[in-house]
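A.B. asks: give me coordinates for this.
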Amino acid sequence: MERFWAMLKDNSLVPVCPSGTDLTVWWSAVRRPVNKADKRKLDTVVILACWTVWKERNARIFDAKQETPGRLLEAFKEELMAWKMAGLLAE
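C.D. replies: Okay, the predicted model is just below:
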C-alpha cells in the first residue's frame, strides 16, 4: 500500500504520503496548511484513497486476489471521476 500512496503523491493527489503514524494524525497535519476551499477536495481524495485500500484489503483476504499499485491507481482515478460526475467532489 505504500507504493499506492506514493503514486497518489506523484500524481499530485495528496501532498505527502502517510508515514507510520496514525492516519488521523497524518490527515490532520496534511490538511492544516490547506486553504478552506481546498480542504473538501483533499478530504474527498483521502477518503477515496482509504476506500480503495480497504477494498484491496478485502480482495486479498476474502478473494485471494491482489492488484498492482498501478491498477489500484487506475481504479482510484476511475472512482474519482464517478464521484465527480455524481457531484461528490466540487471543482
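
A.B. asks: tell me which residue lies nearest the centroid of this protein.
C.D. replies: residue 49 (2.0 Å; CA atoms, centre = their mean).

A.B. asks: distance-wise, check residue 30 relative to residue 69.
C.D. replies: 20 Å (CB to CB, to the nearest Å). Any C-beta I mention is one placed from the backbone N, CA and C, and that applies to glycine too.

A.B. asks: pLDDT weak spots in the chain?
C.D. replies: 90-91 (pLDDT under 70).

A.B. asks: residues touching the residue nearest to the centre of the chain, list them.
C.D. replies: Listed by CB atoms under 8 Å, 6 or more residues apart in numbering, the contact set of residue 49 reads 4-5, 8, 13-14, 76.

A.B. asks: try 6 Å this time
C.D. replies: Counting by CB atoms under 6 Å, 6 or more residues apart in numbering, residue 49 touches residue 8.

A.B. asks: which SS state does it fall under?
C.D. replies: At residue 49 the chain is in helix, as set by DSSP: H, G, I helix; E, B strand; the rest coil.

A.B. asks: need the helices for the protein, in chain order.
C.D. replies: Applying DSSP state H to the chain gives helices spanning 2-10, 23-31, 36-63, 69-85.

A.B. asks: from those, which stretch is densest packed?
C.D. replies: helix 2-10 (a mean of 17; mean count of other CB atoms under 10 Å).

A.B. asks: gap between residue 61 and residue 70?
C.D. replies: 21 Å.

A.B. asks: again, but for residue 85
C.D. replies: 23 Å.

A.B. asks: ok, now residue 41?
C.D. replies: Distance from residue 41 to residue 70, by CB to CB: 23 Å.

A.B. asks: same deal with residue 76?
C.D. replies: 11 Å.

A.B. asks: what do you get for residue 63?
C.D. replies: 19 Å.

A.B. asks: show me what contacts residue 48?
C.D. replies: residue 80.

A.B. asks: meant to ask about residue 76, not that
C.D. replies: Here residue 76 is in contact with residue 52 (CB under 6 Å, 6+ apart).
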